[in-house]
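Participant: Okay, predicted coordinates and the sequence, questions at the end:
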Amino acid sequence: MLLDQAGPDGLINVGLGREFRRAEHAPFTPGFVAPTRTITDAMSVQIAGLACEFTPAPSDADDSITIWFPEKGTCVHNIVWPALFNVFAIRGEEYRDPRILLSGLDHIAGLNAEHLVGAHGPPLSGAEQISVEVETYRDSMQFLWDQTVRGINRGLTADELTSFVQLPDDYGRSYLTRQFYGLVEHHVRQIYAGLRGWFDGDDAKLLPLDKAERCRRLIEGFGGVEVVRQRIADAIDQNDLRWAVELGSWLIHVEPDDTGRLDGGTAEDRKLLARAWRAISQRTTSANLRNWALTRALELEGHVDMRRFRTHRFSHRDVMSSPPDVFVSTLRVLLIPERAAGIDEHLRFVFDDGTHTGLHLRRSVAVLTDGAGADLEMQLDLETWAALLTNRVSLADAIDCGSVHLTGNADRIRQVMHCFDLASMESA
């Protein structure tokens, strides 16, 4: 999203298309229309005189459906992508179990469709071609799952599995099963984690050293910073880029940056690691890896600022369009435990639409309640609530101007709200 539209670091593809959204569609208003009828099981209906069959088919979203128009021989879906299915998303997401895809793919294969129209990618036509492509796509998912499990049963670690599970060359004959989006080695790791969790039996991973300390010792063991720098440069020159990234990461993660993350290092060291990532971006077939690697290189070089993506941000529009208690609940994951230590308070939130809910701070957690029995109360309207969550106004100013009314001990209410990691609460 931060890449230029042109040039060597420009955006070429986002994996399933040329771009996330088309510029001519600005200002990008929400397109969601609330359904009047939801689908939990296969169903058939008539729409404008046309027979339609809806079948749940979870893919990257568990509410995806396949739509079949038997009279037209046309299937609309979100399961056969224009690249090998992305079991693992670099951005992070819940586990996508390949086994769940199989039933949806088998369903499409059994339709004998003449036309296949995907939510992603170009359409396909011709029953014979569609049959081959869908069956191949389906088998690629079974292969990844079956062979990962085979490796797990042999006692292989996640690192070993990435070498053990290699997609056969046959799958490279169609663009639908090529690694243009994600990478097989990442999908294999995700399947392992989805089935077994994070510990894979590797001795070094169960009780690892503190990250910064480990980096310091590795640098020292290699002969010092200058030796490591030279090894990184040599590795880049020799196209040994995985090793260059690992070595380069030691110099960066050995110390924190100004936000406290272990992402420091000198400008020289950061540029060296950026060189390795840019070289990887220029060689990979994966759009996801290319875009991540380039963005990381630009950040290391100081050309892009990623800090806004590393803080919890609320959308004013989302807050205004949601029941107030939805975002009261969200405060739980913004609790700063050091500030909440020793606090046992129950605060009720009362909104101008009559909604009331509560949070009970105890033992360094914020427990959602209905607010009944609380001896502390905050009264406000939805607009003020949205302004507080988006840091457009501080709690102190909102109280002073009368937008927020407090009932009970005001200092204790301020103390409760100060426990949450929001700039608007800092002066509470």
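Facilitator: Alright, I've got the coordinates. Numbering: from 1, shown residues only.

Participant: Okay, now the unreliable bits of the stretch 201-350 of the chain?
Facilitator: Under the criterion pLDDT under 70, no range of the stretch 201-350 of the chain is flagged.

Participant: Show me where it has its helices.
Facilitator: Remark: helices assigned in the stretch 201-350 of the chain by DSSP state H, counting those that start in this stretch are 203-206, 211-221, 225-237, 241-253, 267-281, 287-300, 316-320, 324-330, 337-340.

Participant: what angle do the longest one and helix 225-237 make?
Facilitator: Meaning helix 267-281. 20 degrees (axes from the mean of the first three to the mean of the last three Cα atoms, to 10 degrees).

Participant: sorry, back to before: out of the helices of the stretch 201-350 of the chain, which comes closest to V184?
Facilitator: Across those, V184 has its closest neighbour in helix 287-300 (11.7 Å, Cβ to Cβ). From N, CA and C alone the C-beta is placed, and that goes for glycine too.

Participant: Okay, buried residues for the host helix or strand of D397 please.
Facilitator: Using DSSP states H and E, D397 sits within helix 395-400. Residues of helix 395-400 classed as buried: L395, A396, A398, I399 (neighbour count, 16 or more other Cβ atoms under 10 Å).

Participant: export those residues to CSV and tack on distance to R37 and pLDDT?
Facilitator: Conversion of the buried residues of helix 395-400 to CSV gives the following (distance: Cβ to Cβ, whole Å; pLDDT from 0 to 100):
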residue, distance to R37, pLDDT
L395, 42, 96
A396, 47, 96
A398, 41, 96
I399, 45, 96
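
Participant: Show me which pair in these is furthest apart.
Facilitator: It's A396 and A398 that sit farthest apart of these, by Cβ to Cβ, at 7.3 Å.

Participant: Contacts for the helix holding D397, please.
Facilitator: Applying Cβ atoms under 8 Å, 6 or more residues apart in numbering, the contact partners of helix 395-400 are 380, 384, 387-388, 404, 406, 410, 414, 417, 424-425, 427-428.

Participant: Drop anything exposed from those residues.
Facilitator: Neighbour counting over these (16+ other Cβ under 10 Å) leaves L380, T384, A387, L388, V404, L406, R414, M417, S424, M425, A428 as the buried ones.

Participant: So the fourth one: helix, strand or coil?
Facilitator: This means L388. Judged by DSSP: H, G, I helix; E, B strand; the rest coil, the three-state class of L388 is helix.

Participant: returning to what we had before: just list what the next helix-or-strand element following the helix holding D397 packs against, helices and strands only.
Facilitator: Next along the chain after helix 395-400, taking DSSP H and E as the criterion, comes strand 405-407. The contact analysis (3 or more Cβ pairs under 8 Å, 6 or more residues apart in numbering; DSSP states H and E) places strand 405-407 against strand 376-380.

Participant: and the strand it packs on, what's its mean pLDDT?
Facilitator: Mean pLDDT, strand 376-380: 97.

Participant: Can you name every helix or strand that it contacts?
Facilitator: Secondary-structure packing of strand 376-380 (3+ Cβ pairs under 8 Å, 6+ apart): strand 345-351, strand 405-407, helix 410-417.

Participant: Deepest-packed of these, please.
Facilitator: Among these, strand 345-351 has the highest mean neighbour count (mean count of other Cβ atoms under 10 Å), at a mean of 21.

Participant: Run the chain-centre distance for the lengthiest helix in the chain.
Facilitator: Criterion DSSP state H: the longest helix present in the chain is helix 127-153. Relative to its parent chain, helix 127-153 has a centroid offset of 25 Å by Cα atoms, centre = their mean, to the nearest Å.

Participant: Show me what it is packed up against.
Facilitator: If contacts are counted by 3+ Cβ pairs under 8 Å, 6+ apart, helix 127-153 sits against helix 98-109, strand 115-118, helix 158-164, helix 184-196.

Participant: what is the mean pLDDT for the third one?
Facilitator: Throughout helix 158-164, pLDDT has a mean value of 97.

Participant: Mind listing residues that contact it?
Facilitator: Here helix 158-164 has contacts from Q147, T148, G151, I152, L156, E185, V188, R189, Y192, A193, D200, D202, using Cβ under 8 Å, 6+ apart.

Participant: do the same with the shortest one
Facilitator: With contacts defined as Cβ under 8 Å, 6+ apart, strand 115-118 is touched by 72-82, 108, 123-125, 130, 133-134.

Participant: Figure out how far it is from the centre of its chain.
Facilitator: 27 Å.

Participant: From G126, how far out is the closest residue to P123 other than its chain neighbours?
Facilitator: Of all residues not flanking P123 in the chain, V117 sits nearest, at 4.8 Å (Cβ to Cβ, 6 or more residues apart in numbering). The gap separating V117 from G126 is 13 Å, by Cβ to Cβ, to the nearest Å.

Participant: Of these two, which one has the most company?
Facilitator: Remark: of V117 and G126, V117 carries more neighbours, 16 against 13, as counted by other Cβ atoms under 10 Å.
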